[in-house]
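A.B. asks: Give me a 3D structure for the following:
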Amino acid sequence: MFKLDYEWEWLVLATLVFLTALLIVLGLREFLQLSRSVAKIPIRIHVNGSRGKSSVTRLISAGLRAGGLKVLAKTTGTAPRVIGFDGIDRSVHRLRSASISEQIKVLDSFSKQKPDAVVLECMAVQPEYQWICEQQMVRATLGVITNVRSDHLSEMGPSLKNVAMSLSNTIPQNGQMVIGEDHFSAEFEKVAAKRNTKLDVVMADAVSSEEIAAFQETVHADNVAVALRTCELTGIDRTVALEGMVTAAPDPGAAAFMELRSNEKENTFFNALAANDPESTGVLWSLAFEKTTRSKVAVFLNSREDRRQRTHQLLGLLGDQMHTDLLVIRGDHIPPVLHHDGMEIKIFPASVQPEEVAEYFMNLDDHLIFAMGNIVGWGHEFVDYLRENYTNG
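C.D. replies: Below is the predicted model:
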């Protein structure tokens, strides 16, 4: 009996050793394959930041393409997309939930197409995964951090400085780095210096109002400034890059106006659902009033049960920065809302269908409807329903 147990233990041990060795060999093989794929791509641009990553990825790829480069890009924001040499979007169909290992397959696929440049939006949120995405996967020749905002604080916070240091994990080795604001430039500079990377800080005022006016879609000056500087660092003329950016297709979740009509009633819908943090939402709030003149204002907050902190943050804007005639909220377990004189409040449960909320809004007339909170899932369906049913009426 003892001999049988002894032999069994050795069999188990030998199996474990074999499987461990096999995993090491397979991992090494994948790493070497990734290294070969990366080496075939001359220009690798890795875009990170709290807000605007998808839009900046699109702008950069369009600018490089206008400059004559063969460019492939991938966004991972509201709806993951691969952008081909022709500038046309193609949806990424996932058979499972998003994982950073997806970038390995993308880089391998891209390298086989022999591009001059690739532009990738960082898809990691956890600090350690951001480090892996850059230092072991993309190994960018040029990195981008769009901004630092109070979003994903549970993963990268609790403070803004913590968020900044988390984002700094994607500062490349021996490359160049473009930063879209100077709030944490000193911290970024220290990390960049250790990695022998040159840091370039660019502000929104680097773009003129005339350049912004060339865009038909709503764009942020700071995003355009970052994208233009990135293109310039790759050798593309600024004017040429801007011409390409103006024609770029916007991200599906990008802020945009829609003029809604139903019978004799007309309203303006401003989609700010993808701006998940208070600062970005506040910027879009100001922008909305620069481009429309409606007699009344309605704010729509699409909340998520797993983003209660975000709901608290956005509700905190009311009365302080945002003044509205009507507040409409979709969600359950909504925190108490501070009532303000003349403000009506309407709450829909999370189970409500998009068409019911849409019909409620279309009973209004001459309102600016400012939508904020969350775009994923229900938010997308709601915006699509409005576009399909009320923009041509």
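
A.B. asks: On the three-state scheme, residue 329 is what?
C.D. replies: Following DSSP: H, G, I helix; E, B strand; the rest coil, we place residue 329 in the strand state.

A.B. asks: Next secondary structure after the least confident helix or strand in the chain by mean pLDDT?
C.D. replies: In the chain, no helix or strand scores lower on mean pLDDT, DSSP states H and E than helix 2-39, which sits at a mean of 69. Counting by DSSP states H and E, the element after helix 2-39 in chain order, helix or strand, is strand 43-48.

A.B. asks: just checking, what packs against the next helix or strand after that next one?
C.D. replies: Using DSSP H and E, the next helix or strand after strand 43-48 towards the C-terminus is helix 53-66. Where contact means 3 or more CB pairs under 8 Å, 6 or more residues apart in numbering; DSSP states H and E, helix 53-66 is packed against strand 43-48, strand 71-75, strand 117-121, helix 221-233, helix 238-246. Using the backbone N, CA and C atoms, a C-beta is placed for each residue, glycine as well.

A.B. asks: Helix 53-66 to helix 238-246, inter-axis angle?
C.D. replies: Here the directions of helix 53-66 and helix 238-246 differ by 120 degrees (axes from the mean of the first three to the mean of the last three CA atoms, to 10 degrees).

A.B. asks: Need the mean per-residue confidence for helix 53-66.
C.D. replies: Averaging pLDDT along helix 53-66 yields 96.

A.B. asks: Report the inter-axis angle for that helix versus strand 43-48.
C.D. replies: 160 degrees.

A.B. asks: Dump helix 53-66 to PDB, keeping only the CA atoms.
C.D. replies: Provided in PDB are the C-alpha atoms of helix 53-66 (Å, rounded to 0.1, in the frame of the first residue of the first chain):
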ATOM      1  CA  LYS A  53      -8.900  58.400 -25.200                       C
ATOM      2  CA  SER A  54     -11.100  57.100 -28.000                       C
ATOM      3  CA  SER A  55     -11.600  60.500 -29.600                       C
ATOM      4  CA  VAL A  56      -7.900  61.300 -29.400                       C
ATOM      5  CA  THR A  57      -7.000  57.900 -30.900                       C
ATOM      6  CA  ARG A  58      -9.300  58.600 -33.800                       C
ATOM      7  CA  LEU A  59      -7.900  62.100 -34.300                       C
ATOM      8  CA  ILE A  60      -4.300  60.900 -34.300                       C
ATOM      9  CA  SER A  61      -4.900  58.100 -36.700                       C
ATOM     10  CA  ALA A  62      -6.800  60.400 -39.100                       C
ATOM     11  CA  GLY A  63      -4.000  63.000 -38.900                       C
ATOM     12  CA  LEU A  64      -1.300  60.400 -39.600                       C
ATOM     13  CA  ARG A  65      -3.400  59.000 -42.500                       C
ATOM     14  CA  ALA A  66      -3.700  62.400 -44.000                       C
END
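
A.B. asks: tilt between it and strand 117-121?
C.D. replies: Using the same axes, to 10 degrees: helix 53-66 against strand 117-121 is 170 degrees.

A.B. asks: And helix 53-66, how far out from the chain middle?
C.D. replies: Between the centre of helix 53-66 and the centre of its chain there are 13 Å (CA atoms, centre = their mean, to the nearest Å).

A.B. asks: Could you list the low-confidence segments of this protein?
C.D. replies: Residues of the chain meeting the criterion pLDDT under 70: 1-8, 10, 22-23, 25-32, 77-79, 93-98, 337-341, 392-393.

A.B. asks: Is it correct that residue 304 is in contact with residue 330?
C.D. replies: No - using CB atoms under 8 Å as the test, residue 304 is too far from residue 330 to be in contact (9.6 Å).

A.B. asks: These two: which is more packed in?
C.D. replies: Using other CB atoms under 10 Å as the criterion, residue 304 and residue 330 rank with residue 330 on top: 25 against 18.

A.B. asks: Show me what the more buried one bridges to in the sheet.
C.D. replies: Beta-bridge partners for residue 330, by DSSP bridges, are residue 302, residue 348.

A.B. asks: residues touching it, list them.
C.D. replies: 300-303, 347-350, 352, 357, 378 (CB atoms under 8 Å, 6 or more residues apart in numbering).

A.B. asks: and if you look at residue 161?
C.D. replies: Applying CB under 8 Å, 6+ apart, the residues contacting residue 161 are 184, 187.

A.B. asks: one more time with 10 Å, if that's ok
C.D. replies: Each residue near residue 161 by CB atoms under 10 Å, 6 or more residues apart in numbering is listed here: 148, 183-184, 187.

A.B. asks: next one: residue 125
C.D. replies: Counting by CB under 10 Å, 6+ apart, residue 125 has contacts 100, 151-152, 154-156, 166.

A.B. asks: next one: phi and psi at it?
C.D. replies: phi -110, psi -50 (degrees, to the nearest 10).

A.B. asks: How about residue 149?
C.D. replies: The phi/psi pair for residue 149 (degrees, to the nearest 10) is phi -130, psi 170.

A.B. asks: out of the helices and strands packed on helix 53-66, which comes closest to residue 142?
C.D. replies: Proximity to residue 142 (CB to CB) singles out strand 43-48 among those, at 4.9 Å.

A.B. asks: Show me what counts as buried in the closest one.
C.D. replies: 43-48 (16 or more other CB atoms under 10 Å).

A.B. asks: Throw the residues you listed into JSON lines and include distance to residue 209, thanks.
C.D. replies: Below are those laid out as JSON lines (distance: CB to CB, whole Å):
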{"residue": "43", "distance to residue 209": "30"}
{"residue": "44", "distance to residue 209": "33"}
{"residue": "45", "distance to residue 209": "27"}
{"residue": "46", "distance to residue 209": "30"}
{"residue": "47", "distance to residue 209": "25"}
{"residue": "48", "distance to residue 209": "28"}
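
A.B. asks: Return the closest of the residues you listed with respect to residue 144.
C.D. replies: Nearest to residue 144, judged by CB to CB, of those is residue 47 at 4.5 Å.
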